[in-house]
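1. Kindly return the folded structure for what I paste below:
(2 chains)
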Amino acid sequence: MQSLEARSALDAKHFAEAQMARAATCPPWRHGVFGLMMGGLVASPAFELPVRMGILVALLLLIPVIIHSDRKRMGMFINGYRRGKTRIVAFGILILELSLYAVAVVRGLDHHDRVTPLILGVAGVVIGIIGSMMWQRVFVREMGA
Amino acid sequence: MDVPTGFDPILHPPARLQIAAILAQAQDAEFALLKDITGTSDSVMSKHLAALSDAGYVALRKAASDGRQRTWARLTSSGRAAFRNHVKALESLAATVVSGAVDEHSAPGEVQQRA
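-> Numbering: from 1, shown residues only, chains lettered A, B, ... in the order given. Down below sits the predicted model:
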């Protein structure tokens, strides 16, 4: 195999990755749904046990629905925790959201404070939306699109 | 020129390399998407996927969606390793062009000595 042939093969690979990143572009509602899921989790300690459990079950049921929707819309599913630079963004979102959730649990369950988890929930929505948009931007850049 | 370690003839055709590149990033991908990105026909894509599947690099599954049977492909762990090694081999081959060009331009004395 010649060196130029190798370069041409790598170009073909980069082209496919860039095309794939373009096909994987999420509409705004998809970022919104992710943000609402994160915010819902963080705000859940503001509610009594039956509602709290209802929120958590709804969030768990939404995960396969979103995966199915992504597959149907794009013809593929990309795991948020895939290897690459996006993993830093994914873990950053996870750490921030879990930190908010931990504070919401302490305030809501130990101190019976209903307001703080709701406020933190709103912050969770915003962090989720911004994080999801950042993830996509990093992915597109990494794929050279 | 010697073929570097890791070079995989199964992944050598550009369309197969592109299929592997897409599947290395996605958990799985549908036949139609792979066909669109690689710019191949149905029959050519079927042959490439069959070759990758026979080598154990890709796992295929059929799933009904909107009343139609669709084929989904996923890269196996051996496929992922083969793809990684193949890309490394290509990069090392491609790098020889750059280093060769640098040698040519930066060391004219060496070229004269060789001549």
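2. how about low-confidence regions in chain B?
-> B:1-2, B:97-115 (pLDDT under 70).
3. Just the strands from it, written as ranges.
-> Along chain B, counting by DSSP state E, strands occupy B:28-30, B:58-65, B:68-75.
4. Which one, of the ones you listed, ends up nearest to A:Asp110?
-> Smallest distance to A:Asp110 across the strands of chain B (Cβ to Cβ): 43.0 Å, for strand B:28-30. All C-beta atoms are positioned from the backbone trio N, CA, C, and that covers glycine.
5. OK, contacts around the residue sitting nearest the centre point of chain B?
-> Among the residues of chain B, the one closest to the centroid is B:Leu17, at 1.9 Å (Cα atoms, centre = their mean). Listed by Cβ atoms under 8 Å, 6 or more residues apart in numbering or on different chains, the contact set of B:Leu17 reads A:Ala9, A:Ala12, A:Lys13, A:Ala16, B:Leu11, B:Phe83, B:His86.
6. For the longest helix along chain A, name the packing helices and strands.
-> Using DSSP state H to define each element, chain A has its longest helix at helix A:115-142. Where contact means 3 or more Cβ pairs under 8 Å, 6 or more residues apart in numbering or on different chains; DSSP states H and E, helix A:115-142 is packed against helix A:3-23, helix A:28-43, helix A:86-105.
7. rounded to a whole number, what's the mean pLDDT of that helix?
-> Across helix A:115-142, the average pLDDT comes to 97.
8. isn't A:Gln19 right up against B:Lys35?
-> No: the pair A:Gln19 / B:Lys35 is not scored as a contact, 11.9 Å apart, by Cβ atoms under 8 Å.
9. Stretch B:76-94: which residues count as buried?
-> Across stretch B:76-94, burial judged by 16 or more other Cβ atoms under 10 Å in any protein chain shown covers B:Thr76, B:Gly79, B:Ala82, B:Phe83, B:Asn85, B:His86, B:Val87, B:Ala89, B:Leu90, B:Leu93, B:Ala94.
10. Give the burial count for the residue lying closest to the fourth one once chain neighbours are set aside, as a bare number.
-> With Cβ to Cβ, 6 or more residues apart in numbering or on different chains as the measure, B:Ala20 is the residue that lies nearest to B:Phe83, at 4.3 Å, once sequence neighbours are left out. Taking other Cβ atoms under 10 Å in any protein chain shown as the neighbour definition, B:Ala20 ends up with a count of 27.
11. related to what we said a few turns ago, now, which of the contacts of B:Leu17 sits nearest A:Ser3?
-> Distances from A:Ser3 to those, taken by Cβ to Cβ, are shortest for A:Ala9, at 10.7 Å.
12. Identify the residues contacting that closest one.
-> So A:Ala9 contacts B:His12, B:Pro14, B:Leu17, B:Leu90 (Cβ under 8 Å, 6+ apart).
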